[in-house]
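Asks: After the sequence you'll find the predicted model.
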Amino acid sequence: MKTFLLPDLGEGLTDSEIVAWKVAEGDTVELNQPLADIETAKAVVELPSPYEGVIAKLHAGEGETVDVGAPLIDFDLGDDDGAAPAAGMTAAGMTDAAATTDAVATTDAPGPVGEEPDVVSAPASAPETNVAAQAEAVAADDKPEKISVLVGSVTVHGGKPTRSKRTWDVEPFERAALEHTQRRGPNRAMPPVRKLAKDRGIDLQSVRPSGADGLVTRADVEGAGTASAASAASALAAPASTREKVTGLRKHTAAAMTKSALTVPHAATFHQVDVTETLALAKSGDASFLALASRAILLAAKRWPEVTASFHADTNELERFAHVNLGIAVSTDRGLVVASVDQAETMDAAQLTAQIKDRAVRAREGKLSMEELTSSNITISNVGVFGVDGGIPILNPGESAIIALGAIRKLPWNHQGEIVLRDVCTVTVSFDHRVLDGREAAGFLADIAAVLERPALALAR
């Protein structure tokens, strides 16, 4: 008999949740046969069998959280010792079954990203956006591609935002009473009936009359009282609130977001940018708006390399990287994931468009590798897909900057000496003040804006 302990999956986690068992007690399994889907902070990974033998006991049920190093499975190996598990078995020996993170969650990235910002033809007043309609399907080939990637949550969508018409459903009884009141005026009742209604706290005008000429009877009042009592009893019986245990990705996201917010001195700067020409270029070419915005960020990062550095508080060291691994926040069914496009500075806008789309699709399918979920050193978050003008995102742990794109709106703008309507987007840079000062952050943001205003620069390698 061999007892298999839950291994360290390579993320420094102390526990993991059993998402689904793929075997049952009594099953005969082969070496490396998938045993279960295990949820970590970054992904759902497939746990392979370290032995050949029979499953004698499963120590946890689906949905339970197991500590690293705790018994997970008992194997009956018979006369054979089976195959000894590789020492220190970690995530490297597993396949990423369902990589999904709150992008923000595991990586602590706030807000959505990856999705193309919506163009809202409205002034700076409240956005007239229907989020559900916004998050429908990827835009047609001749339109800027919209890839859902932001906090929280919408999927890919296209088309112009619309406002849903509100309707109120009036119950037949209420409608009849309303029509009666409008036809006949206030309800009438004999004095004893009025006193009964008053004693029971019943509004006479809310009672549907059944008497001759619309007269409210004693039975009408008693019936209304019974209905009111039943309604009150039902309301009292209904729970005032609900609570549910936070597990899996959401639990890890909460921990990561809290750690980032409490241990990193966040600061932010924002700027309204005329993106009319960038949007037109996206509509007419092979590159999405998000890819062109990413190119602007990558070009600016060349001049301000500190934005991709990482501050190590334990050693008081600043780590710089040779390449820009651009994190794209992707909304999935399980939460927000930050999927990395590694060495993004080597790609042109068309290549970035393809890579961003690939990450978004595979993130929703749960096919991203652990490396793709953990290698980013700067992140872009597209909150504009929700029709909001901007936001201040929380940094992904280990990163020094995150960029948020707001919704694109038609606004009066001073263009070439005239006030005209232009497409304007609010761009926000949230940064680690231990790594960047206001000068560096503002310079980085100004360079992003300069490229978005003159998008031909974004096509340069």
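Replies: It's in.

Asks: quick one: least confident helix or strand in the protein?
Replies: Per-element confidence for the chain was summarised using mean pLDDT, DSSP states H and E. The lowest value among helices and strands belongs to helix 131-134, with a mean of 35.

Asks: was I right about residue 415 contacting residue 423?
Replies: No. Counting by C-beta atoms under 8 Å, no contact exists between residue 415 and residue 423, whose distance comes to 10.8 Å. (C-beta placed from N, C-alpha, C; glycine too.)

Asks: okay, and the common contacts of these two?
Replies: Where contact means C-beta atoms under 8 Å, 6 or more residues apart in numbering, the residues bridging residue 415 and residue 423 through contact with each are residue 274.

Asks: So which of these two has more stuff around it?
Replies: Each of residue 415 and residue 423 has its neighbours counted (other C-beta atoms under 10 Å); residue 423 has more, 21 against 12.

Asks: Now that one. Nearest residue, chain neighbours left out?
Replies: residue 276 (4.4 Å; C-beta to C-beta, 6 or more residues apart in numbering).

Asks: how much space between that neighbour and residue 384?
Replies: Taking C-beta to C-beta, to the nearest Å as the measure, residue 276 and residue 384 are separated by 15 Å.

Asks: neighbour-wise, which of those two wins?
Replies: More neighbours surround residue 384 than the other of residue 276 and residue 384, with 33 against 21 (other C-beta under 10 Å).

Asks: shouldn't that one be in contact with residue 391?
Replies: No. Residue 384 lies out of contact with residue 391 (C-beta under 8 Å); the separation is 9.5 Å.

Asks: Now the common contact residues for those two.
Replies: In the contact map built from C-beta under 8 Å, 6+ apart, the residues linked to both residue 384 and residue 391 are residue 406.

Asks: Low-confidence ranges, this structure, go.
Replies: 10-12, 41-42, 79-185, 226-240, 249, 460-461 (pLDDT under 70).

Asks: At which residues are the helices of the stretch 151-300 of the chain located?
Replies: Secondary structure of the stretch 151-300 of the chain, counting by DSSP state H, counting those that start in this stretch: helices at 172-184, 191-199, 218-237, 248-263, 276-284, 289-303.

Asks: now swap in the stretch 351-461 of the chain and tell me
Replies: In chain order, the stretch 351-461 of the chain shows helices spanning 370-374, 438-453, with DSSP H, counting those that start in this stretch as the criterion.

Asks: Show me which positions of the longest one end up buried.
Replies: Within helix 438-453, the residues that qualify as buried by neighbour count (16 or more other C-beta atoms under 10 Å) are 440, 441, 442, 443, 444, 445, 447, 448, 449, 451, 452.

Asks: Run through who's touching it.
Replies: Where contact means C-beta under 8 Å, 6+ apart, the residues beyond helix 438-453 that reach it are 267, 269-271, 273-275, 277-278, 292-293, 295-297, 299-301, 303-304, 306-307, 401, 403, 425, 427, 429, 431, 436, 457-458.

Asks: Could I have the buried ones of those residues as ChimeraX selection syntax?
Replies: Selection of buried members from the contacts of helix 438-453 for ChimeraX, criterion 16+ other C-beta under 10 Å:
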select :269,270,271,273,274,275,277,278,292,293,295,296,297,299,300,301,304,306,307,401,403,425,427,429,431,436,458
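
Asks: And residue 391, how close does it get to residue 406?
Replies: Residue 391 is 8 Å from residue 406, by C-beta to C-beta.

Asks: what do you get for residue 420?
Replies: Distance, residue 420 to residue 406, using C-beta to C-beta: 20 Å.

Asks: who has more neighbours, these two?
Replies: With other C-beta under 10 Å as the criterion, residue 420 and residue 406 differ in neighbour count, and residue 406 comes out ahead with 27 against 11.

Asks: The more buried one and residue 393: what is the separation?
Replies: In terms of C-beta to C-beta, residue 406 sits 11 Å off from residue 393.

Asks: Also residue 426?
Replies: 13 Å.

Asks: picking that back up, common neighbours of residue 391 and residue 406, please.
Replies: Taking C-beta under 8 Å, 6+ apart as the contact criterion, the residues that touch both residue 391 and residue 406 are 383, 428.

Asks: And stretch 302-317, how far out from the chain middle?
Replies: On the basis of C-alpha atoms, centre = their mean, to the nearest Å, stretch 302-317 is displaced by 27 Å from the centre of the chain it belongs to.
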